[in-house]
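**Student:** 3D model of this:
(one chain, ligands or ions: 2)
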Amino acid sequence: MARLLLTNVKQLVNVREQWPVLRGKELALLPCIDNAFLLIEDDTIAAYGPMEQLPSINRSLPADTIDATGKLVLPAWCDSHTHIVFAASRENEFIDKLKGLSYAEIAAKGGGILNSARKLNDATEDELFNMAWERLTALSRLGTGAIEIKSGYGLTVAGELKMLRVIKKLRERSPLTIRATFLGAHTYPVEYKDNHQAYIDLIIQEMLPVIAREKLADYIDVFCETGFFSAAETETICRAGIQHGLKPKIHANQLNLSGGVQAGVAAGAISVDHLETMDEDAISTLAGSSTIGTLLPTAAFFLRMPFQPARALIDAGCAIALASDYNPGSSPSGNMNLVVNMSCIQMKMLPEEAINAATLNGAWAMECADELGSISIGKKASIILTQPVPSLAYLPYAFGSNLIDKVMIKGEWVQ
Ligand code: NIG
Ligand code: FE
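**Tutor:** Ligands and ions are numbered 1, 2, ... in the order given. Coordinates of the predicted model:
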């Protein structure tokens, strides 16, 4: 058995014997141990405690030791909303946006999601796999240990299945914990622009049965938005997904009050994501449900939208998570350190709240909290070892600096 001992850890962050999803005020409670040790056996967290208790662990067994003086140890980030399988970046649209075109105008010009779909359908499965693998590797160096990945740039039976097979292969080969989400309902392909029902039928009758049979997805997603999928269409697609064993996790209230939050809650969604545009009813509906609200601040930043109302959501008692939304159109970055920085700077989340939302609640939003999201005995040794820093709050404060020393995924240091 491989044993690794980290000693003199300045602060062991998010240490828990129990790890319920955190709602409202609970999000600010981040249990930590100062001047701590952490013992890892193979891929698992075996013991931790204050340095004074180190003699009580069995030192007769050999263990490699790392002196972590001045450094913090956090659970790896749990990024519960991404679109990292894509064929090409879209910086040309970025230029269009700088010149004043809106997201909706770019979409109407045949850009946006449809542009990505054209390119994805032209790419081979191997090409897509290699590009996504590079992105995944880069993200793991930035501290991401678990990630949800969506389809949704295929929009054809073959394209959607190709994306989901790429995600399946990533899952088989990567040490990261990966969840797959079917987002066939990302936008209407041009040929279905005036016949929405026919595309919904294609999703339900042609895509879902194959996805269920080949076990290609855990979740079903719908972009519930004005000009995309209505709340009623969202509910129909979610119900069909549920019948095929997929739980809903949906895009809601990004650009408009789309009714997406209410539709998601009604469908028993694991999470409703984005939430830039919220009113009283959407907030109280979410607060009264077991659905997690996943905030994607880098998408709001990139699209120059108002940031998500994190404080109002927390005050109302919602369970919120943070994710990157990494995609070529609205968040061409999957850096969860930046997501945490931005959540504090722009949404006034406290460092403790942002870290809980990006670790434990993110793990709940992917249903992997039994193995990741906190420093807990028996959970996977997927951790971030920081550079020496003055305190925890220094992480979101010193935005733009790389404060990570090393990342471990399931007992192995990321190279
Ligand atoms: O989550 N909102 C919908 N989907 C993505 C953007 C997709 C794209 O522009 O490619 C998002 O922001
Ligand atoms: Fe998204």
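
**Student:** doesn't residue 351 make contact with residue 344?
**Tutor:** Yes - between residue 344 and residue 351 there is a contact at 5.9 Å, judged by CB atoms under 8 Å. Glycine gets a C-beta too; all of them are placed from N, C-alpha and C.

**Student:** any shared contact partners between those two?
**Tutor:** By the contact definition CB atoms under 8 Å, 6 or more residues apart in numbering, residue 344 and residue 351 are jointly contacted by 396, 397.

**Student:** CA atoms of stretch 61-70 as CSV?
**Tutor:** Extracted C-alpha coordinates of stretch 61-70, given in CSV (Å, rounded to 0.1, in the frame of the first residue of the first chain):
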residue,chain,number,x,y,z
LEU,A,61,4.3,1.6,8.6
PRO,A,62,6.4,3.4,6.1
ALA,A,63,5.1,6.6,4.5
ASP,A,64,6.5,9.3,2.2
THR,A,65,6.4,12.6,4.0
ILE,A,66,5.8,16.1,2.5
ASP,A,67,6.4,19.1,4.8
ALA,A,68,3.6,21.5,3.9
THR,A,69,4.7,24.3,6.2
GLY,A,70,2.9,27.6,5.2
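
**Student:** show residues contacting that stretch.
**Tutor:** 2-10, 39, 385, 388-389.

**Student:** any idea of the mean pLDDT in it?
**Tutor:** For stretch 61-70, mean pLDDT rounds to 91.

**Student:** how about stretch 204-214?
**Tutor:** pLDDT averaged over stretch 204-214 gives 98.

**Student:** convert that stretch to PDB, retaining C-alpha atoms only.
**Tutor:** In PDB, the C-alpha atoms belonging to stretch 204-214 read as follows (Å, rounded to 0.1, in the frame of the first residue of the first chain):
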ATOM      1  CA  ILE A 204     -37.300  11.700 -27.400                       C
ATOM      2  CA  GLN A 205     -37.700   9.000 -30.000                       C
ATOM      3  CA  GLU A 206     -34.300   8.700 -31.600                       C
ATOM      4  CA  MET A 207     -31.700  10.000 -29.200                       C
ATOM      5  CA  LEU A 208     -32.900   9.100 -25.700                       C
ATOM      6  CA  PRO A 209     -33.500   5.400 -26.300                       C
ATOM      7  CA  VAL A 210     -29.900   4.900 -27.600                       C
ATOM      8  CA  ILE A 211     -28.400   7.000 -24.800                       C
ATOM      9  CA  ALA A 212     -30.200   5.000 -22.200                       C
ATOM     10  CA  ARG A 213     -29.400   1.700 -23.800                       C
ATOM     11  CA  GLU A 214     -25.700   2.500 -24.100                       C
END
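
**Student:** who touches the closest residue to residue 137 other than its chain neighbours in this structure?
**Tutor:** Sequence neighbours aside, residue 414 is the residue nearest to residue 137 in space, at 8.0 Å (criterion: CB to CB, 6 or more residues apart in numbering). Residue 414 makes contacts with 137, 140, 141, 406, 407, 408, as judged by CB under 8 Å, 6+ apart.

**Student:** 10 Å instead, please
**Tutor:** 76, 137, 139-145, 175-176, 382, 404, 406-408 (CB atoms under 10 Å, 6 or more residues apart in numbering).

**Student:** for the residue in the chain positioned nearest to ligand 1, helix, strand, or coil?
**Tutor:** Going by CB to the nearest ligand atom, ligand 1 is nearest to residue 329 of the chain, at 2.1 Å. What DSSP: H, G, I helix; E, B strand; the rest coil gives for residue 329 is coil.

**Student:** wait, it sits on residue 96?
**Tutor:** No - in this structure, residue 329 is not within contact of residue 96 by CB atoms under 10 Å, at 11.6 Å.

**Student:** in terms of neighbours, single out the busier of those two.
**Tutor:** A direct count of neighbours by other CB atoms under 10 Å for residue 329 and residue 96 places residue 329 higher, at 24 against 16.

**Student:** pLDDT on the host helix or strand of residue 321, on average?
**Tutor:** Applying DSSP states H and E as the criterion places residue 321 in strand 320-322. The average pLDDT within strand 320-322 is 98.

**Student:** after that strand, which helix or strand is next?
**Tutor:** Strand 320-322 is succeeded, C-terminally, by helix 336-347 (DSSP H and E).

**Student:** buried sites along that following helix?
**Tutor:** Using 16 or more other CB atoms under 10 Å as the test for burial, helix 336-347 gives 336, 337, 338, 339, 340, 341, 342, 343, 344, 345, 347.

**Student:** list the residues that contact the first one.
**Tutor:** Meaning residue 336. So residue 336 contacts 76-79, 139, 142-145, 147, 298, 322-324, 326, 358-359, 362, 384 (CB under 10 Å, 6+ apart).

**Student:** one step back: can you redo the contacts of stretch 61-70 as a markdown table, where the extra columns are secondary structure, distance to ligand 1 and pLDDT?
**Tutor:** Below are those laid out as a markdown table (DSSP: H, G, I helix; E, B strand; the rest coil; distance: CB to the nearest ligand atom, whole Å; pLDDT from 0 to 100):
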| residue | secondary structure | distance to ligand 1 | pLDDT |
| --- | --- | --- | --- |
| 2 | coil | 39 | 93 |
| 3 | strand | 42 | 94 |
| 4 | strand | 38 | 96 |
| 5 | strand | 41 | 96 |
| 6 | strand | 37 | 97 |
| 7 | strand | 42 | 96 |
| 8 | strand | 42 | 97 |
| 9 | strand | 36 | 98 |
| 10 | strand | 36 | 98 |
| 39 | strand | 40 | 96 |
| 385 | strand | 31 | 98 |
| 388 | coil | 36 | 98 |
| 389 | coil | 32 | 98 |
